[in-house]
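> sequence plus the predicted model coming up.
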2 protein chains.
Amino acid sequence: MQIDYLTSTDTLGLIAGSLTTIAFIPQVIKTWRSKSAEDVSIVMFILFITGVLLWCIYGWEIHAKPVMIANIITFILASTILGLKLYFEDPSKENL
Amino acid sequence: MQIDYLTSTDTLGLIAGSLTTIAFIPQVIKTWRSKSAEDVSIVMFILFITGVLLWCIYGWEIHAKPVMIANIITFILASTILGLKLYFEDPSKENL
């Protein structure tokens, strides 16, 4: 197995990816605590999760590890938020 | 000026970028209509916007146009959501 060392560009990508990934953690905690994600758009999360999956494939194709890794983790976190939203959903309210 | 034609990988990246970018539009509309973004995490958006800025620089460095373009537009939309949240904020409520 080949070990690739990280370039400074890779490091920048990893920091960027860590931020856009970690960003979803406070949303998971907030949704879990408040048991409400009424103001969170369901359409946003469905589009976002689909896009994140495609970013994974794109990252694979251009051999950009930070793009792949960040998007796999973002996929898991964003799916968790969507799952919590659906779980806590009040079916009587209109949603976008 | 040099005109670069898009490869299929670029196209995949552009579709991925369009989805993760367009995703923020329903959230902008929802927040604007409901005049509330109480359930949207402010920490999420601050981390996310910072990360998106770094993705722009990363995209520039690896010459990945889809990464750059998508993140510039995402930056604008995510900043709009953060701005609306702060604007509609009820200062008496605890926030994460």
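Noted; the coordinates are in hand.

> what helix or strand is A:Ile46 on?
helix A:42-61 (DSSP states H and E).

> for that helix, what is the average pLDDT?
Per-residue pLDDT over helix A:42-61 has a mean of 93.

> which strands or helices does that helix pack on?
The helices and strands touching helix A:42-61, judged by 3 or more C-beta pairs under 8 Å, 6 or more residues apart in numbering or on different chains; DSSP states H and E, are helix A:65-88, helix B:8-22, helix B:24-34. In short, each C-beta sits where N, CA and C put it, glycine included.

> okay if I get these as CSV plus mean neighbour count?
Shown next, in CSV, are these (neighbours: other C-beta atoms under 10 Å in any protein chain shown):
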stretch, mean neighbour count
helix A:65-88, 19
helix B:8-22, 20
helix B:24-34, 19
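
> a markdown table for the ones you listed, including mean pLDDT?
Listed next are the helices and strands packed on helix A:42-61 as a markdown table, based on pLDDT from 0 to 100:
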| stretch | mean pLDDT |
| --- | --- |
| helix A:65-88 | 91 |
| helix B:8-22 | 90 |
| helix B:24-34 | 89 |
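
> could you dump these into a markdown table and include distance to B:Leu54?
Listed next are the helices and strands packed on helix A:42-61 as a markdown table, based on distance: least, C-beta to C-beta, whole Å:
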| stretch | distance to B:Leu54 |
| --- | --- |
| helix A:65-88 | 10 |
| helix B:8-22 | 15 |
| helix B:24-34 | 18 |
